[in-house]
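[1] Build me a structure from this.
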Amino acid sequence: MDLLLHGIPLAKGDRDGNPRRRRCAGASRPTLPITRSTAERASSTTTGSNVPPFVYRITKYDPADRDEHGSYIGAEDSTSDHGPVEAAYLQAISAFAEDTGIDRLAVREPGISGLVHFGLEPAIEGHGLAGLFPPDLSGFHDGAQVPVSVGLELVRGMLRDNGAWCRLAVEDRFTVEVGWDQYVYVSSDRPCERAFARTLALGLLPEQLEASPYDEDLDEPGVQRPADEDFWARLRWSVAMRQAAILEEGYLHNASRWHRLTEGTLDAVRARLTPRARLTVWPDLSDDVDAVLASLPDEGTVEFVWEDENGVISSAIADESEYRELAAHVAGARAATVLALALDERHPMFTAVPPDSDGVLRARWRTEPTPSDRNWAILKDLRRGQICTGTVTEIADCGVTSVDIGGFTAMINISELSWRRFDHPSDVVAVGQGVSAEILDVDLVRERVLLSLKALQEDPMPQFVRQVGRITNGVVTELVPSGAFVRIEVGEDGLEGLLHLTEPAEGHVDRPEDVVRVGDILTVKITDVDLQRRRITLSRLQALAPAER
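    Prediction:
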């Protein structure tokens, strides 16, 4: 697929959609390195954080030229000088890497800045990555390993604000992050006195902080859905059911590739996806491109997705001033759709992020959860045989009972409501009733959970095997062409046996209603109990004493 850039939907209050490049608060005057105690470092590593404990900020500014928020307010140019100061930053970072003892870095949360509108090219060709990565940016993805030398070139591009940005890290040991106004943050798992001194000698101002403003928030709410085998089974089924057809591969912040899926192409698309990409599943494009163009809003910015005559899917951000040019550009397109940019108006089917080859999901970015993703978060913790509680929400005409089990609607088929015979599910449960049930099946593909009420009840049938030959009284509950059902237990929900048409009375009987009526009390003998077919057979004639015949 062609490389296409598009804007990630912005949440309210998100100024530029770029969570790593926001302006950060400054601090006080530079200080000499402070070595933390063993206890302090142990505390920092037992709280669940993966952030190295020694944090340094490197700046080129006099601390006197900062406001109360730490932002630079002096006369010095806050952009890169492309010369000695920039070189000093890179030498300082190299010194900290050497002090930490690392020679490779991992690219984390990479992206390209800004929203790319229809017809506009990025200000810097290749977003500052030309010569470091191929034109399609393969190799620049979350988790990609690069030498420190390449990492320094990435830092150079971020200092120059060329468009590409990322965090560089060695898990639990080292991180480098470039903030606004030439602030650089370096974290290490050990004190770096030599690098600190080297940075001062280079004319920069290093400071040790308690924490970086870019420290990862590892306590974000929600659980990211992994693109594991269950996800791909769900996607395959959705494609087969013609519910889903488009896969958006968000391989960077603000950059996506699009794939139109069929049952035959899904595996090939999966094989060439970028590691740790954010995957978003959409319904199919519309073949009526003219109708899609006509549906564009009178004003506002949207994302337009289309498939050209060669089968290549592209997307562009456009507003009302660009609609005419957009329509001319997509002339001849085979299919298209319009997607909103606001999160509350953008409705994909489900999302996921691929885990690494060992099955561990290490990408820390989150997709916006869909209803299907929330269902997955509930279903993944459910197991067959598990007991759950819920509230009956609906009794369908078909007999299926719906139960809310904590945000997900599970089903009880009519056969799983009770061991005993009943006429309608409402004879057993009522809407609003709280119930406990056993989980019979959890289907992550169809997003379905089947429950059983009767699994928590004792099956009364086996006890009747020992009662074959017993004579008892019973109430006629129903007449059927083959005979009559007789309830042979006390209570409205008692078990029923079948009294065959030949049994209600001696002699030939054409219809059971000729000799018995519903409500009659009969004396019957239990003649057979078939556990497999769950049938009890009764006889009235055998129950009659010889004197009564």
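
[2] what pLDDT, on average, does the biggest helix by length in the chain get?
    Assignment by DSSP state H gives helix 84-100 as the longest helix of the chain. Helix 84-100 comes out with an average pLDDT of 97.

[3] Over to stretch 175-193?
    The average pLDDT for stretch 175-193 rounds to 94.

[4] For it, output the C-alpha coordinates as PDB.
    What follows is stretch 175-193, C-alpha atoms only, in PDB (Å, rounded to 0.1, in the frame of the first residue of the first chain):
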ATOM      1  CA  THR A 175      15.600   7.100  28.100                       C
ATOM      2  CA  VAL A 176      16.100  10.200  25.900                       C
ATOM      3  CA  GLU A 177      13.200  12.600  25.300                       C
ATOM      4  CA  VAL A 178      13.200  15.900  23.500                       C
ATOM      5  CA  GLY A 179      10.700  18.500  24.700                       C
ATOM      6  CA  TRP A 180       9.800  22.000  23.600                       C
ATOM      7  CA  ASP A 181      12.200  24.800  23.400                       C
ATOM      8  CA  GLN A 182      15.400  22.700  23.300                       C
ATOM      9  CA  TYR A 183      14.800  20.900  26.600                       C
ATOM     10  CA  VAL A 184      16.200  17.400  26.600                       C
ATOM     11  CA  TYR A 185      15.500  14.900  29.300                       C
ATOM     12  CA  VAL A 186      17.900  11.900  29.900                       C
ATOM     13  CA  SER A 187      17.100   9.200  32.400                       C
ATOM     14  CA  SER A 188      19.500   6.500  33.600                       C
ATOM     15  CA  ASP A 189      19.500   3.600  36.000                       C
ATOM     16  CA  ARG A 190      22.700   4.900  37.500                       C
ATOM     17  CA  PRO A 191      24.300   8.300  38.500                       C
ATOM     18  CA  CYS A 192      26.200   9.800  35.600                       C
ATOM     19  CA  GLU A 193      28.800  12.100  37.200                       C
END
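
[5] List the buried residues of that stretch.
    For stretch 175-193, burial by neighbour count (16 or more other CB atoms under 10 Å) applies to 175-179, 181-189, 191-192. (Each C-beta comes from the backbone N, C-alpha and C, glycine too.)

[6] For stretch 260-268, buried residues please.
    Going by neighbour count (16+ other CB under 10 Å), the buried part of stretch 260-268 is Arg260, Leu261, Leu266.

[7] mind checking how far the first one is from Glu86?
    This points to Arg260. Arg260 sits 44 Å away from Glu86, taking CB to CB, to the nearest Å as the criterion.

[8] just to revisit the earlier point, between the buried residues of stretch 175-193, which is closest to Tyr56?
    Nearest to Tyr56 among the buried residues of stretch 175-193 is Val186, at 4.8 Å by CB to CB.

[9] can you confirm the closest one is in a strand?
    Yes: using DSSP: H, G, I helix; E, B strand; the rest coil, the assignment for Val186 is a strand.

[10] quick one, what contacts it?
    For Val186, the contact set (CB atoms under 8 Å, 6 or more residues apart in numbering) comprises Val55, Tyr56, Arg57, Ile58, Ala92, Ile93, Phe96, Phe174, Thr175, Val176, Cys192, Ala195.

[11] Show me what it bridges to in the sheet.
    Taking DSSP bridges as the rule, Val186 bridges to Tyr56, Val176.

[12] and Ala268, which of the three is it?
    Here Ala268 is recorded as helix under three-state DSSP.

[13] Need the pLDDT of it.
    97.

[14] Tell me which stretches of the stretch 101-250 of the chain form strands.
    Secondary structure of the stretch 101-250 of the chain by DSSP state E, counting those that start in this stretch: the strands cover 104-112, 145-147, 164-170, 174-178, 184-188, 205-209, 246-252.

[15] can you list those strands in JSON lines and add distance to Thr472?
    As requested, the strands of the stretch 101-250 of the chain are exported to JSON lines (distance: least, CB to CB, whole Å):
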{"stretch": "strand 104-112", "distance to Thr472": "74"}
{"stretch": "strand 145-147", "distance to Thr472": "79"}
{"stretch": "strand 164-170", "distance to Thr472": "78"}
{"stretch": "strand 174-178", "distance to Thr472": "80"}
{"stretch": "strand 184-188", "distance to Thr472": "81"}
{"stretch": "strand 205-209", "distance to Thr472": "85"}
{"stretch": "strand 246-252", "distance to Thr472": "65"}
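
[16] Of all those strands, which one is nearest Ser418?
    Nearest of these (CB to CB): strand 246-252, 44.6 Å.

[17] elements contacting that closest one?
    The contact analysis (3 or more CB pairs under 8 Å, 6 or more residues apart in numbering; DSSP states H and E) places strand 246-252 against strand 104-112, strand 255-260, strand 278-282.

[18] Enumerate every residue touching the residue most central in space within the chain.
    By CA atoms, centre = their mean, the mean C-alpha position of the chain lies nearest to Arg225, the distance being 3.3 Å. By CB under 8 Å, 6+ apart, the residues touching Arg225 are Phe231, Phe350, Thr351, Ala352, Val353, Thr367, Pro369, Asp373, Trp376, Ala377.

[19] and if we set it to 6 Å?
    By CB atoms under 6 Å, 6 or more residues apart in numbering, the residues touching Arg225 are Ala352, Asp373, Trp376.

[20] Among those residues, name the ones in helices.
    Asp373, Trp376.

[21] mind listing the helices for the stretch 401-549 of the chain?
    With DSSP state H, counting those that start in this stretch as the criterion, the stretch 401-549 of the chain has helices at 461-465.

[22] where does it dip in pLDDT?
    Along the stretch 401-549 of the chain, segments meeting pLDDT under 70 span 490-493, 504-508, 545-549.

[23] just the strands in it please.
    401-404, 409-412, 434-443, 448-452, 471-480, 483-487, 496-500, 521-530, 535-539.

[24] Among the ones you listed, show me which one is buried the most.
    Of those, the one with the most neighbours on average (mean count of other CB atoms under 10 Å) is strand 483-487, at a mean of 24.

[25] Next, the angle from that strand to strand 535-539.
    Strand 483-487 and strand 535-539 are oriented at 100 degrees to each other (axes from the mean of the first three to the mean of the last three CA atoms, to 10 degrees).

[26] Sheet partners, orientation included, of strand 483-487?
    Partners of strand 483-487 in its sheet, by DSSP bridges: strand 471-480 (antiparallel), strand 496-500 (antiparallel).

[27] hmm, back to that, who are the packing partners of the longest helix of the chain?
    With contacts taken as 3 or more CB pairs under 6 Å, 6 or more residues apart in numbering; DSSP states H and E, helix 84-100 sits against helix 148-159, strand 184-188, helix 193-201.

[28] how about the ones you listed in a markdown table, adding distance to Gly111?
    Shown next, in a markdown table, are the helices and strands packed on helix 84-100 (distance: least, CB to CB, whole Å):
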| stretch | distance to Gly111 |
| --- | --- |
| helix 148-159 | 11 |
| strand 184-188 | 18 |
| helix 193-201 | 27 |
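
[29] Determine which of the ones you listed approaches Ser286 most closely.
    Set against Ser286 and scored by CB to CB, those come closest in helix 148-159, at 39.3 Å.

[30] neighbouring contacts of the closest one?
    Ser80, Glu86, Leu90, Ala97, Asp103, Leu105, Gly128, Leu132, Ala164, Trp165, Leu168, Val178.

[31] Just put those in JSON lines and tack on distance to Asp443.
    Output for the contacts of helix 148-159, formatted as JSON lines (distance: CB to CB, whole Å):
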{"residue": "Ser80", "distance to Asp443": "55"}
{"residue": "Glu86", "distance to Asp443": "57"}
{"residue": "Leu90", "distance to Asp443": "54"}
{"residue": "Ala97", "distance to Asp443": "49"}
{"residue": "Asp103", "distance to Asp443": "48"}
{"residue": "Leu105", "distance to Asp443": "43"}
{"residue": "Gly128", "distance to Asp443": "47"}
{"residue": "Leu132", "distance to Asp443": "46"}
{"residue": "Ala164", "distance to Asp443": "42"}
{"residue": "Trp165", "distance to Asp443": "41"}
{"residue": "Leu168", "distance to Asp443": "42"}
{"residue": "Val178", "distance to Asp443": "47"}
